[in-house]
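J.: The following block contains a protein sequence and its predicted model.
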Amino acid sequence: MKSMKTVLLAAIAGTAFAMSGFVATAKAEGAKIFVIGGKADDPFWSIVKRGAEDAGKVVAAQGGSVTWLAPQNYDNLGVDAAELIRQAIAQGATAVVGPDWVPDAMDPAFKAVVDAKIPLVIYNAGGLEAADRLHAMNYVGAVDYLGGVAGGEYLAKAGNKDGVCINSLPGAANIEAYCKGFVDGMTKAGGKAAVLPLPATAEGNVTAVSQAIKAYLVEHPTVNAVFTTANLDAIGSVQGIAEAGKAGAVKVCGINFDEGILAQISAGTQACAIDQQGYQQGYYAVSILNGYVNYGLSIPTREILTGPGVVDATNIASTMVGAKQGTR
Amino acid sequence: MAAHIKKQEIARSGGPAEVWSSLAAVARRPEAGSLLGLIVVYVFFAVLGGYTFLGLTGWSSWLNMAAEIGIIALPVGLLMIAGDLDISVGAVLPASSLTVAIISGYYDMPDYVGIAAGLTIGLAVGLINGLLVTFTRIPSLIITIGTMFVVMGLSLGFTIMIKGSTGVFIIPDPFTKSLLGTAMGGMFRVGILWWLAFIVVLYYFLHLSPWGNWVFAFGGDRESARNAGIPTKKLTLQLYMLSGFSAAFVGVMQVIANGSAQVAAGSSFIFNSIMCVVIGGVLLTGGAGSVIGIVVGTMTFAIVNQGIFYSGLDPNFGSIIIGALLLVAVMSNDKFRSLALSFTVKKEVRAQT
C-alpha cells in the first residue's frame, strides 16, 4: 500500500514537472478549462454550472476561459460524456473537469486526458476512488451513498423508523446509491426501509408519482418515513401523504432541493433536504484547476467533500436567500 | 312467472337470432372492445388489490392520474381519428406551467393573467402546428416532433434568461387553487371534474354536431373529404389548437396544484396519451374511434399504472405488467372487433341464401 502511494506521489510529481514548461507558456493566455456536466435544463446541474461560471469570472480576469460541455440528453450518457471529454482535448483544453458517471465508458477518455498531460479533476460522481484510479488531481463532490445515509439517520433519529425510498429512475447508479444509503442509514439508527421503483410512465409526472406513493402508504400502513431522490418526487410525496390522510404522521426527506422544496420545509410538510451543494462542486473544481494551471497552486487535501449538508427548519432562512440567487 | 312468459314471448316473436344481432350491434360499437379490456384489467387488479383498490382510495388513485392524461388524450385522439398526430403536447405542458409560474409567481401578477397567457401559448403552438401541417407535405409526426423541440428550447432559454434556474415557483391564491388544484374530500382532484367537462363538450362536437362527421370523413379519405366541400384546412387548425389548448390546460392545473414548474416535466405524456387513445380503439390509420372509447382507454391505462401498487406484485416488474396488460387490452380489443364484424358478415350471407 505504502509503495503504491509512493508510486502515485511520484507520478503526480512527474506530471507536475512535465507541466512546468507548459504552465509557463499557458500563463500568458490563462487557463482553458473545459467542464463536462449535465444538461443546462436539469435543475441541479444549472446550479453546478452557475458555480463553475462564477469561478470562471476569476479565470476570465486572468485571461482564461471556462467552457461548459453537456450531452443533449441522458439516453446514452456514458458514451456521450466520453465523446465530450475527447472534444475538450481536441479543442485545446489546458484543464478538464468531469464527473465519472459511467466508468466503463468514460475511463478511457479520462485516461487520454491524463496521457496528454492535461490536469484533471473528477467532480460530482465517481468519488476519490475514481480520482485515484485515473491519476486525477482531486475529487470534488459529495458521496451519493453518504447522502442517503444522512437522510436515513435524520428520519430514524426523529422517531420515524419505517421507511421507503422512492426510486423514479431504476437502474441509475447514483439513485441506487442514495436508496442503498437510505436503507443502511435507517437500519443503522434502529429502523428499517424498503425501495419503491416507479415505472417510466410516471417520469416527470407529479400526479402519477403522488398517486403511487399514496397507494404504497395505504398498502403499507406502518411506513412513516419517505425518502426521495428528485425534487418533483418530493412535491409528489407531500401530496400523496396528504391524500392518504397521513399528513404529519409520515415524514419526508429528499436529496436536493429548489424553492418549492424549501417552501415545503418552511411550511413543515417536509422534514429535511440533503444537499450535495452543487454550486461548490462547480466552483471549487474550476478554482483548483485555474490556480494550478496559472500559478502551480495546489490543494493538498484530497477528496473535497461538498456534502451531505442537511437543510431543515434550523437553517432554512439562509438557504432560501441562496436559492433566490440561483446558487443553492 | 311473468318474467318466464316474457322470455318465451321474446323467443317466439324474435327468436334468439334477433337477440344476438342486437348484442352484436352493441359489440360493433367502436368502444365495446375497449370496454371489455377495461373490465378485464379492473377485475385483475380487484382480485389482487382487494378492498383498498375497490374502495375510494383506489378509485381516487387512478381517477386522479386518468383525469390529467385524459384531458390530453381526448384531443390527441380526435387528431388521430382525423389521421394526424401531435407529439408537441409533451413540450406545451411544461411551457404553459412555466408561463403561469413566471407571470403570476415570479412577476407576481394576478393568477388569471398568467393562466390566460399559459393557455394562449397552447393555442399558439397548436396554430403553428396546424399551419405547418396544412401548408407543407411533411407528415404531422415529423412536424410536431420539430415544434416539440423548438418549444422545449424556448422554455429552457427563457426560463434561464428570466429566472436564472430551471424551476419557477408560485403560490396561487386560494380561489385559483380551489378551481384548478385542490383535492375534493382530500382525495379526488378537481381535475376529474374538468376532465368530465372536456368529455361532455368533445362528445357533443364529435358525435352530435356535423363537425364530428367532418373529422371522421377527413381521417377516412382526405381527397374525398376535400372534394365534398369540407373545410379541411380550418378543421386541421381547429384540431391542433384544441390539443395545444388541452395540453396547456393540464400544465396550468399541475402548476397550480404543485406550486412548482420544471423545465424537464411532461414528456411522459406523449406516449401515455397515444397509448390511451390506441387502447380506446382509435385506429392508427384514422377514420375510426369514439370519445367514450378514448375515455375507457384512459381509464384502463390509469388502472394498470396505479393497480400495480395495490396488487402486492413486485414493483420492480411494474413496467412489464404495464406493457403486457396494455398489449393484451389492445389485442382483445382488435380480436373483439373482428369477431363482431365477422358475425355481421355471416348473418348477411345467411339472409341471402
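T.: Cool, the structure landed.
J.: who touches the residue lying closest to B:Ser246 once chain neighbours are set aside in this structure?
T.: In space, and not counting its chain neighbours, B:Ser246 is closest to B:Pro75: 4.7 Å by Cβ to Cβ, 6 or more residues apart in numbering or on different chains. All C-beta atoms are positioned from the backbone trio N, CA, C, and that covers glycine. Taking Cβ atoms under 8 Å, 6 or more residues apart in numbering or on different chains, we find B:Pro75 in contact with B:Asp86, B:Leu202, B:Leu239, B:Leu242, B:Ser243, B:Phe245, B:Ser246.
J.: Please report how far the last one lies from B:Ala73.
T.: According to Cβ to Cβ, to the nearest Å, B:Ser246 and B:Ala73 sit 9 Å apart.
J.: Who has more neighbours out of these two?
T.: B:Ala73 (33 against 28; other Cβ atoms under 10 Å in any protein chain shown).
J.: Pretty sure the more buried one sits against B:Ser273.
T.: Yes: at 4.4 Å, B:Ala73 counts as touching B:Ser273 under the criterion of Cβ atoms under 8 Å.
J.: tally of neighbours for residue 283?
T.: Since you didn't name a chain, this refers to chain A. 23.
J.: um, chain B though
T.: If we define neighbours as other Cβ under 10 Å, then B:Leu283 has 17 of them.
J.: Which strand or helix spans it?
T.: Following DSSP states H and E, one finds B:Leu283 outside all helices and strands.
J.: That one: what's its closest spatial neighbour, skipping adjacent residues?
T.: Going by Cβ to Cβ, 6+ apart, B:Leu283 has B:Gly289 as its nearest residue, at 6.4 Å.
J.: Roughly how far does that neighbour sit from chain A?
T.: The gap separating B:Gly289 from chain A is 22 Å, by Cβ to the nearest Cβ, to the nearest Å.
J.: do B:Ala82 as well
T.: With Cβ to the nearest Cβ as the criterion, B:Ala82 and chain A are 26 Å apart.
J.: mind listing what residue 246 touches?
T.: Answering for chain A, as no chain was given. Here A:Lys246 is in contact with A:Leu217, A:Asn224 (Cβ under 8 Å, 6+ apart).
J.: hmm, I had chain B in mind actually
T.: Counted by Cβ under 8 Å, 6+ apart, B:Ser246 has contacts B:Ile71, B:Ile72, B:Leu74, B:Pro75, B:Val89, B:Gly122, B:Phe198.
J.: gap between B:Ser243 and chain A?
T.: 18 Å.
J.: how many neighbours does that residue have?
T.: Residues near B:Ser243, counting by other Cβ under 10 Å: 30.
J.: my guess is it meets B:Gly90, correct?
T.: No: with contacts counted by Cβ under 8 Å, B:Ser243 stays clear of B:Gly90, the gap being 11.4 Å.
J.: which neighbours do the two share?
T.: By Cβ under 8 Å, 6+ apart, no residue touches both B:Ser243 and B:Gly90.
J.: List the residue ranges of the stretch 1-150 of chain A that fall below the pLDDT cut-off.
T.: Scanning the stretch 1-150 of chain A for pLDDT under 70 picks out A:1-28.
J.: Could you list the residues of it in contact with chain B?
T.: A:Ala40, A:Asp41, A:Asp42, A:Pro43, A:Ser46, A:Ile47, A:Arg50 (Cβ under 8 Å from any Cβ of the partner chain).
J.: Which single residue of the stretch 101-250 of chain A ends up nearest chain B?
T.: A:Ala215 (3.5 Å; Cβ to the nearest Cβ).
J.: tell me which element that residue is part of?
T.: helix A:206-219.
J.: Report all helices and strands that that helix contacts.
T.: strand A:162-167, strand A:192-197, helix A:231-243, helix B:56-81, helix B:232-258, helix B:291-311 (3 or more Cβ pairs under 8 Å, 6 or more residues apart in numbering or on different chains; DSSP states H and E).
J.: between the first one and helix A:206-219, how big is the angle?
T.: Yep, that's strand A:162-167 we're talking about. 150 degrees (axes from the mean of the first three to the mean of the last three Cα atoms, to 10 degrees).
J.: Residues contacting strand A:162-167, please?
T.: A:148, A:152, A:155-156, A:175-176, A:178-179, A:182-183, A:186, A:191-198, A:209, A:213, A:216, A:220, A:222-229, A:233, A:237.
J.: Any of those residues buried? List them.
T.: A:148, A:152, A:155-156, A:175-176, A:178-179, A:182-183, A:186, A:191, A:193-198, A:209, A:213, A:216, A:223-229, A:233, A:237 (16 or more other Cβ atoms under 10 Å in any protein chain shown).
J.: And the helices in chain A?
T.: A:2-27, A:43-61, A:77-90, A:103-115, A:127-133, A:144-157, A:173-188, A:206-219, A:231-243, A:259-267, A:278-295, A:316-324 (DSSP state H).
J.: For B:Ile322, which of those helices is the nearest?
T.: Across the helices of chain A, B:Ile322 has its closest neighbour in helix A:206-219 (11.5 Å, Cβ to Cβ).
J.: how far is that closest one from where the chain is centred?
T.: Offset of helix A:206-219 from its chain centre (Cα atoms, centre = their mean, to the nearest Å): 27 Å.
J.: in that helix, what's buried?
T.: Here helix A:206-219 shows A:206-219 as buried, counting by 16+ other Cβ under 10 Å.
J.: and the stretch 151-300 of chain A, which residues reach chain B?
T.: A:170, A:196-208, A:210-212, A:214-216, A:218-219, A:231-232, A:235, A:239, A:242-245, A:258-260, A:263.
J.: cutoff 7 Å now
T.: A:196-197, A:199-208, A:211-212, A:214-216, A:218-219, A:231-232, A:235, A:242-243, A:245, A:258-260, A:263 (Cβ under 7 Å from any Cβ of the partner chain).
J.: With just CA atoms, put stretch A:54-62 into CSV.
T.: Extracted as CSV, the C-alpha positions of stretch A:54-62 are listed here (Å, rounded to 0.1, in the frame of the first residue of the first chain):
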residue,chain,number,x,y,z
ASP,A,54,-18.8,32.2,-11.0
ALA,A,55,-15.4,30.7,-10.6
GLY,A,56,-14.9,31.4,-14.3
LYS,A,57,-15.1,35.1,-13.6
VAL,A,58,-11.7,34.9,-12.0
VAL,A,59,-10.4,32.6,-14.8
ALA,A,60,-11.5,35.2,-17.3
ALA,A,61,-9.9,38.0,-15.3
GLN,A,62,-6.6,36.1,-15.6
